[in-house]
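J.: coordinates for the following, if possible.
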Amino acid sequence: VKYAEQYYPELLPNLSTCRSPQQMFGSLVKELAPEKLGTERKNLHVVSIVPCTAKKFEARRPEFQYQGHPDVDNVLTTQELAQMIEAAGIRFKKLQPESFDMPFGFTTGAGVLFGNSGGVTEAVLRYAVEKVTGETLAKVDFQAVRGESGLREATLMVGGQPLKLAIVHGLRNARVVAEQVKAGRCAYDLIEV
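T.: Take a look at the predicted model:
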């Protein structure tokens, strides 16, 4: 969003109005957890662990605050977390297995996808295909839109209509695609950066 605000403000009306998964989660935790935990919202501290440093700036945006308090209090990159684990001398192979917390119970597989390049697009596609066709898909294979290449494209048929997708990795590649969109040289229905 910040990149578009700075370099492509004319494309802002095309951006999704949905919050990122990080910000959705932070907002939901701070809204739902106080009652469940018997505490106040101001006593909760949400930490996001993500691969992208841009999420640090995102968490500080004023629109992601409630009564002056951020929905996500701190953001650590996965690299920073790895350094902290190493500095603390934690060796995973020496730890005893134990079950993890499940504060929200079981979820769909879509949530697992969000940390991957193209994961949000894949989750949206799963939902959209089900809504458009009315069918629950037993197996979804959208591998063509996931991965770490600079630009990945896919066209999927949804309800008899082609849906053209682009997964862009990195701002350098985002610039290339944004310029193509501005010039009318490509028409994607969905672009994930």
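
J.: quick one: mean pLDDT for stretch 87-100?
T.: The average pLDDT within stretch 87-100 is 91.

J.: list the buried residues in that stretch.
T.: The neighbour-count criterion (16 or more other C-beta atoms under 10 Å) identifies no buried residues in stretch 87-100. Quick note: C-beta positions are derived from backbone N, CA and C, even for glycine.

J.: between the two ends of that stretch, what distance do you get?
T.: Taking C-alpha to C-alpha, to the nearest Å, stretch 87-100 runs 23 Å from one end to the other.

J.: please state the offset of that stretch from the chain centre?
T.: 27 Å (C-alpha atoms, centre = their mean, to the nearest Å).

J.: so who does residue 45 touch?
T.: 73, 74 (C-beta atoms under 8 Å, 6 or more residues apart in numbering).

J.: my read is residue 165 is in a helix, agree?
T.: No - under DSSP: H, G, I helix; E, B strand; the rest coil, residue 165 sits outside any helix and is assigned strand.

J.: ok, it touching residue 188?
T.: Yes - counting by C-beta atoms under 8 Å, residue 165 does reach residue 188; the two are 6.4 Å apart.

J.: between these two, which is the more surrounded one?
T.: Taking other C-beta atoms under 10 Å, residue 165 and residue 188 do not tie; residue 165 has more neighbours (22 against 18).

J.: which strand residues bridge the more buried one?
T.: Beta-bridge partners for residue 165, by DSSP bridges, are residue 154, residue 190.

J.: any idea how far residue 86 is from the closest residue to residue 47 other than its chain neighbours?
T.: Ranked by C-beta to C-beta, 6 or more residues apart in numbering and with sequence neighbours excluded, the top spatial neighbour of residue 47 is residue 74, at 4.8 Å. From residue 74 across to residue 86, the span is 19 Å (C-beta to C-beta, to the nearest Å).

J.: about what we covered before: what residues are shared contacts of residue 165 and residue 188?
T.: With C-beta under 8 Å, 6+ apart as the test, residue 165 and residue 188 both reach residue 153.
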